[in-house]
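In: fold the following for me, if possible:
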Amino acid sequence: MTQLKFYKETEGTAAIIKTALSNMDREAKEEYFVVIQAKDMGGHMGGLSGTTTVTITLTDVNDNPPKFAQSLYHFSVSEDIAIGDPIGRVKANDLDIGENAKSFYDIIEGDGMDIFEITSDSQTQEGILRLRKPLDYESKKSYTMKIEATNVHIDQRFISVGPFKDTATIKIVVEDADEPPVFSSPDYLLEVHENAAIDSVIGQVTAHDPDVTSSAIRYGSFEGI
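Out: Just a heads-up that it's a prediction; the model follows:
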């Protein structure tokens, strides 16, 4: 059934085109082409006619919520990644266009809310997951969080169709990185008598390998000051 209806005014020479149904959907059909015929002599036999084509484009309204392509996303990241570096991207697709398709992303729950953050890419409409605080494989090897995408601009006329948001789960696995040995103190203060004999024990320093598969540590010295 056509969703457009042609009306002729009772006075004057103009014609009006009106919608015939209330549920037109831009996502299903964006353009309509209507051929209109005008006849003189009141449309009676023998009158002349002319035609024109009218193109009608439906403008978008925000009547579709964002929807994640997946309910669960997996990412792996090395523990030595720098703060602020991107870890991965997710996207909530929206059938609307323009401003109506924009969404902002947020981490709403999980054990990594203070470790990670998610921001919106204004060009691609993706959510970019980034690191906020350093990772430590030896302390925690994985994180699970729930993220949410919410439309930026919500049309109150369609609020009953909502909610205009969607959620997904993100699991992040932290990978071990080869870390250098760590001394028990950043510096040491030792004393020795000026006339101490060669090979006299002055003291000791200790270091440990923070990696899970710790290896033997070999000590060496640099030229003293």
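In: would you double-check that residue 159 falls in a helix?
Out: Yes. Under DSSP: H, G, I helix; E, B strand; the rest coil, residue 159 sits within a helix.
In: right, and residue 177 touches residue 137 too?
Out: Yes. Shown here, residue 177 and residue 137 form a contact pair, counting by C-beta atoms under 8 Å, at 7.0 Å. C-beta here means a position set from N, CA and C on the backbone, and glycine is covered the same way.
In: common neighbours of the two, please.
Out: Shared contacts of residue 177 and residue 137, defined by C-beta atoms under 8 Å, 6 or more residues apart in numbering, comprise residue 79.
In: so the two - more neighbours on which side?
Out: residue 137 (20 against 13; other C-beta atoms under 10 Å).
In: pretty sure that one sits against residue 172.
Out: No. In this structure residue 137 lies outside contact range of residue 172 using C-beta under 8 Å: 11.8 Å.
In: Three-state assignment for the residue of the chain positioned farthest from its centre, please.
Out: Most distant residue from the mean C-alpha position of the chain: residue 195, 68.5 Å away (C-alpha atoms, centre = their mean). Under three-state DSSP, the three-state class of residue 195 is coil.
In: quick one, phi/psi of it?
Out: Phi and psi for residue 195, reported as degrees, to the nearest 10, are phi -110, psi 20.
In: is the residue most central in space within the chain in a bridge, and if so with what?
Out: By C-alpha atoms, centre = their mean, the chain has its centre lying nearest to residue 127, at 1.2 Å. When assigned by DSSP bridges, residue 127 has beta-bridge partners residue 90, residue 120.
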